[in-house]
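A.B. asks: here is my input, please return the structure:
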Amino acid sequence: MREGRLNLLMSLFAVFNDNDRDDTSYALARYFLQNFDRLDQLNIYDVMDSCYVSRSGVRRFCQSIGFENFSEIKASSGEWELFRHYFLTYPRLEGSGTHELRRDLDALYGQIDGLMRTREVDVVLDALHRCDQVVLFSADSSSMSLVEFQRAMAVEGRIVQLITESSPAADAVRELGPNDLLLTVSTSGAFVRRQESQVRDSGAFKVYVTATQAPELARLFDTTLLMAQSVRDPSPLHRLYASYGVAYLFDRLLSAYAHRYDPQLAPGGTPTQTDGGHAPADA
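C.D. replies: I've put the predicted structure just below:
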């Protein structure tokens, strides 16, 4: 397996979403997704018969998503409970009456608004502007929000690389130098613990984006953007920070960057023309 723990579920969905229905990879990804709650009970013959594929075809599929063989796929069966806990902990708390989403989100957004007024954010904005290469290194749970930031920064003339846990590309992180920026996003800190060697070996200017106070992890970085002052690990709020919090923070970073450096938005610049424009095709 490639360096760093891969999330099988995310890898399967990537194949499932990106391939035609008559493709063997699509059939295998669909089969494993449909049987994700009993991966450890599957045998190779079930897979071969259900997907009309040879044993070597199953092995090639496993290797294409970063797993050595079918046995390594089966060994990831514990992800089922991990993801159930991740996605369902907060709904359980809502059902018990101890949390309310709107109230928690108001607090979350307020904390991030406060963070945006700190010196740390100024340091990050400056690094985004001056560094040669910018890499976002993130757990899969925050990747969708970061894809939006990646696209938006392109129209600001900054090409940002996104490396997630399903495709670690450790060499790209390690090869960064002092004129580069590594933005590592891990709201609970678990991703950084799994990828600590890559972060430690990187020569880049390193920024840690998190919602958990963990001094032993913060020491790996040059500066930290802490979204929450009171969240401890483990916390049922981590999913909210991984999705809503990361999306809101990086939207605010984009806005602050544009108002500081975009010639049309910066003070004294020419207003951006919006009348008669068209939304992107996927908007």
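A.B. asks: quick check: the nearest residue to Pro178 once chain neighbours are set aside vs Ala107, distance?
C.D. replies: Ranked by C-beta to C-beta, 6 or more residues apart in numbering and with sequence neighbours excluded, the top spatial neighbour of Pro178 is Gly203, at 5.7 Å. Where you see a C-beta, it was placed from the backbone N, CA and C, and this is true even at glycine. Gly203 is 37 Å from Ala107, where distance means C-beta to C-beta, to the nearest Å.
A.B. asks: what of His85?
C.D. replies: To Ala107, His85 is 23 Å away according to C-beta to C-beta.
A.B. asks: Ser202 too?
C.D. replies: Relative to Ala107, Ser202 is positioned 33 Å away (criterion: C-beta to C-beta).
A.B. asks: which of those two has more neighbours?
C.D. replies: Shown here are Ser202 and Ala107; by other C-beta atoms under 10 Å, Ser202 has more neighbours (22 against 14).
A.B. asks: you'd agree the more buried one is up against Arg174?
C.D. replies: Yes - contact criterion C-beta atoms under 8 Å: Ser202 and Arg174 qualify, at 5.7 Å.
A.B. asks: okay, and the common contacts of those two?
C.D. replies: With C-beta atoms under 8 Å, 6 or more residues apart in numbering applied, the contact sets of Ser202 and Arg174 do not overlap.
A.B. asks: grab the nearest non-local neighbour of Ala190.
C.D. replies: In space, Ala190 is closest to Ala139, 7.4 Å off (C-beta to C-beta, 6+ apart).
A.B. asks: which ones are touching the one you found?
C.D. replies: Residues near Ala139 by C-beta under 8 Å, 6+ apart: Thr164, Glu165, Val185, Ser186, Thr187, Ala190, Phe191, Ala242.
A.B. asks: tell me which of those residues has the lowest pLDDT.
C.D. replies: Among the contacts of Ala139, Glu165 has the lowest pLDDT, at 77.
A.B. asks: just give the closest residue to it, not the sequence neighbours.
C.D. replies: Nearest non-adjacent residue to Glu165, counting by C-beta to C-beta, 6+ apart: Asp140, 5.1 Å away.
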